[in-house]
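Novice: here's a sequence, model it:
(chains A and B)
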Amino acid sequence: MVFTATIQSRSDLGSSLAIRVGRSEGFWSCQPGQFYLLRTGAAWSPYGRRALFPTLIDPNELGFLLAPSNDPGLAWLAAQPAGTALDLIGPQGRGFMLHEHQRRILLMAEASAVAPLFALIPPALARQASITLLLHGRRRADLLPAAALPPAVEYYTACDDPLPGQPTTLDDAFVSALNWADGLYLAGSAEFLRQAKAVVTEARFAVTSGFAQAVAPVALPCGVGACMACLVDSGRGRHRACVRGPVFDLGELAL
Amino acid sequence: MTGTVELAPQHKVGLSLANPVMLASGVAGYGDIQAPGLDLAALGGLVTAPVTRRPARRNVPQIQELPGGLFWQRGDWNPGLRIVLRDFAPLWRRLALPIIVHLAADDPGEIAALAGGLEGVRSVAGLELDAPDDDPRLATDLVWAARQAADLPILVRVPLTAGDDLVKALLETPVDALVVAPPAGARIDPASGHLVYGSVHGAALAPLVTARIAALAGWVEAPLVACGGIHNLDDALAQLAAGARAVQIDTAVWVDPSLPGRIVAALAG
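Specialist: Just a heads-up that it's a prediction; the model follows:
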């Protein structure tokens, strides 16, 4: 679908910016982990659409979270005031699956990539699931404030410039939470996912199908399945992440 | 200005398009593009992403954004002809428009194998191949190889930067139409620091392609197709007015998927 949407509100969340977007008609409908393609400006520079993962999916509004970035397209969006009309197409791709049996949801991400996991929180809470979010930031300032999350979400962080007594890695928290979780959802760089997959493999002997899902760590330049620049390898072959993904079973993803 | 367009008037079957608006090679994948707002059925034709004879798994394509455009390294990843036909020929039959398959090879034997593999595939209306801009002899050998292997109309992409020598050489072959295509470029890859090669796409190409079409239209009898730079109706009108028989919308369709349909509608109106 092609939408003309309007920025309804903007607010700071730590060093990130939260934007809420409404539609002039109809209702938003997408799955967590699917994405929209935003045209950044009416002219042709920045040129390409930007893939944006909703952090909030409500019939009347979508939420987006903009982490600090040097990308000129995202900088354009971050500079737009409330009331700005946006040109969006989507939802694109295949998102996360929340399985019926899951009651203990573990989310883990790098701060710059956490957006798609946010949208899982409301539907998981609606199922009375327990949720833990583990977030790693390169800088302390990249970490989201706890107030950005519902109080029902258990929240642990680590960063490369921690306060005294705070961790630099999520390793201990991750291993501990893996013993508890019955569903794992990940978003981050290839190296981040590679390490997570190794930890899961060691803790559970294998990454069983359906237990862990991850957003493929690739850019989505065209977002419509054409340019082939988002190809990822899985146990079932090579796929365009923007069409077959961007969410894949972690066990399938070759990292 | 719309109505049926013939891109291969010297060919015994021809390559007839319902209108002069096509999609360029690669911008719609193998026809399976998932772009809301894009109505493929409204178009005159579609050129597929490049197809190689054998599958290749190295070097996936990469895209770097430029001001007002982008730089596209096609890489050498490819599913190969067998898989492309298995996965996409059924889709081509369902799409109600001429499908032109883009052959990727710089060896006449490979081109012949590819063309031969597509001969008789009912949904394929034509072939497109790249002319290397620094080797007219090889370019002509590629066209002859394709012609001897298949009796399909042949379009040849001539880079915007290629000289008249290449065009003259191609006109001595059984080429059916020439496509003025986006130019090659080179950039430093930000990840590796190495110089990498690809093609340049964007709005600034439109007047350059228009000028090249106008120059060629003065002496080239074969149909000309303009590919590159079209980002609005005026760009398309200019290229058609300059002498292009058809236009191929390029990467602009990713940003504005409804653009081709709007151009078709405007031409019809």
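
Novice: who touches the strand or helix carrying B:Val156?
Specialist: With elements taken from DSSP states H and E, the one containing B:Val156 is strand B:154-159. Outside of strand B:154-159, the residues that reach it under the criterion C-beta atoms under 8 Å, 6 or more residues apart in numbering or on different chains are B:7-8, B:15, B:25, B:47, B:100, B:126-131, B:133, B:139, B:143, B:146-147, B:166-167, B:170, B:174-184, B:225, B:227. C-beta: built from backbone N, CA, C; applies to glycine.

Novice: enumerate the residues of the stretch 151-255 of chain A near chain B.
Specialist: Taking C-beta under 8 Å from any C-beta of the partner chain as the contact definition, the stretch 151-255 of chain A meets chain B at A:219, A:221-229, A:231, A:238, A:240, A:242-243.

Novice: buried ones among the residues you listed?
Specialist: When neighbours are counted using 16 or more other C-beta atoms under 10 Å in any protein chain shown, these contain these buried positions: A:221-229, A:231, A:238, A:240, A:242-243.

Novice: and the least confident of those?
Specialist: In this model, the minimum pLDDT among those belongs to A:Arg238 (87).

Novice: what sits against that one?
Specialist: For A:Arg238, the contact set (C-beta under 8 Å, 6+ apart) comprises A:Leu231, A:Val232, B:Arg57, B:Trp77.

Novice: what are the phi and psi values for it?
Specialist: Torsion angles at A:Arg238 (phi, psi; degrees, to the nearest 10) stand at phi -110, psi 130.

Novice: can you name the residues bridging to it?
Specialist: A:Arg238 has these beta-bridge partners by DSSP bridges: A:Asp233.

Novice: again, but for A:Arg39
Specialist: With DSSP bridges as the criterion, A:Arg39 is bridged to A:Asp87.

Novice: what ranges do the helices span in the chain?
Specialist: Because you didn't say which chain, this covers chain A. Using DSSP state H, the helices of chain A run over residues A:72-78, A:115-118, A:121-126, A:171-178, A:190-204, A:241-244.

Novice: can you look at chain B instead?
Specialist: With DSSP H, the ranges of helices along chain B come out as B:81-94, B:108-118, B:136-149, B:164-170, B:205-217, B:233-242, B:252-255, B:259-268.

Novice: and the fifth one, what's buried?
Specialist: Neighbour counts using 16+ other C-beta under 10 Å place B:Leu205, B:Ala206, B:Leu208, B:Val209, B:Thr210, B:Arg212, B:Ile213, B:Ala214, B:Leu216 of helix B:205-217 among the buried residues.

Novice: make a markdown table from those residues and add distance to A:Gly210 to it.
Specialist: Rendered in a markdown table, the data for the buried residues of helix B:205-217 read as follows (distance: C-beta to C-beta, whole Å):
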| residue | distance to A:Gly210 |
| --- | --- |
| B:Leu205 | 47 |
| B:Ala206 | 50 |
| B:Leu208 | 53 |
| B:Val209 | 51 |
| B:Thr210 | 55 |
| B:Arg212 | 55 |
| B:Ile213 | 55 |
| B:Ala214 | 60 |
| B:Leu216 | 58 |
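
Novice: now these in TSV, with distance to chain A and pLDDT?
Specialist: Shown next, in TSV, are the buried residues of helix B:205-217 (distance: C-beta to the nearest C-beta, whole Å; pLDDT from 0 to 100):
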residue	distance to chain A	pLDDT
B:Leu205	11	97
B:Ala206	11	97
B:Leu208	15	97
B:Val209	16	98
B:Thr210	17	98
B:Arg212	21	97
B:Ile213	21	98
B:Ala214	23	98
B:Leu216	26	98
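
Novice: just the residues you listed now: which is nearest A:Arg23?
Specialist: Taking C-beta to C-beta as the measure, A:Arg23 sits nearest to B:Ala206 out of the buried residues of helix B:205-217, at 33.1 Å.

Novice: not counting residues beside it along the chain, what's closest to the closest one?
Specialist: For B:Ala206, ignoring the flanking residues on the chain, the nearest one in space by C-beta to C-beta, 6 or more residues apart in numbering or on different chains is B:Gly229 at 3.1 Å.

Novice: now the one you found: how far from A:Asp12?
Specialist: Taking C-beta to C-beta, to the nearest Å as the measure, B:Gly229 and A:Asp12 are separated by 40 Å.

Novice: for A:Leu74, same thing?
Specialist: Using C-beta to C-beta, one obtains 15 Å as the distance from A:Leu74 to A:Asp12.

Novice: swap in B:Pro183?
Specialist: B:Pro183 sits 44 Å away from A:Asp12 when distances are taken as C-beta to C-beta.

Novice: next one: A:Gly26
Specialist: A:Gly26 is 29 Å from A:Asp12, where distance means C-beta to C-beta.

Novice: ok, now A:Asn70?
Specialist: On the measure of C-beta to C-beta, A:Asn70 and A:Asp12 end up 19 Å apart.

Novice: ok, now A:Arg139?
Specialist: A:Arg139 is 16 Å from A:Asp12, by C-beta to C-beta.

Novice: of these two, give the one with the bigger neighbour count.
Specialist: Under the neighbour definition other C-beta atoms under 10 Å in any protein chain shown, A:Arg139 and A:Asp12 were set side by side, and A:Arg139 has more, 12 against 9.

Novice: now do the same contact list for the residue most central in space within chain A.
Specialist: Most central in chain A under C-alpha atoms, centre = their mean is A:Pro116, positioned 2.1 Å from the mean C-alpha point. The contact partners of A:Pro116, by C-beta under 8 Å, 6+ apart, come to A:Pro32, A:Gly33, A:Phe35, A:Phe53, A:Thr55, A:Gly95, A:Phe96, A:Ala187, A:Val215, A:Pro246, A:Val247.

Novice: can you add pLDDT, neighbour count and distance to B:Ala113 and give those back as TSV?
Specialist: As requested, the contacts of A:Pro116 are exported to TSV (pLDDT from 0 to 100; neighbours: other C-beta atoms under 10 Å in any protein chain shown; distance: C-beta to C-beta, whole Å):
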residue	pLDDT	neighbour count	distance to B:Ala113
A:Pro32	96	24	46
A:Gly33	97	27	41
A:Phe35	97	25	39
A:Phe53	97	26	43
A:Thr55	95	25	50
A:Gly95	97	24	41
A:Phe96	97	22	43
A:Ala187	97	27	43
A:Val215	97	28	39
A:Pro246	97	29	35
A:Val247	97	26	38
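
Novice: so which of those sit within strands?
Specialist: A:Phe35, A:Ala187, A:Val215, A:Val247 (DSSP state E).

Novice: let me see the contact set for the closest residue to the last one other than its chain neighbours.
Specialist: The reference is to A:Val247. In space, not counting the residues next to it along the chain, A:Val247 is nearest to A:Gly33; the distance is 4.2 Å by C-beta to C-beta, 6+ apart. By C-beta under 8 Å, 6+ apart, A:Gly33 lies in contact with A:Phe53, A:Gly93, A:Arg94, A:Gly95, A:Phe96, A:Pro116, A:Ala119, A:Leu120, A:Gln213, A:Val215, A:Pro246, A:Val247.
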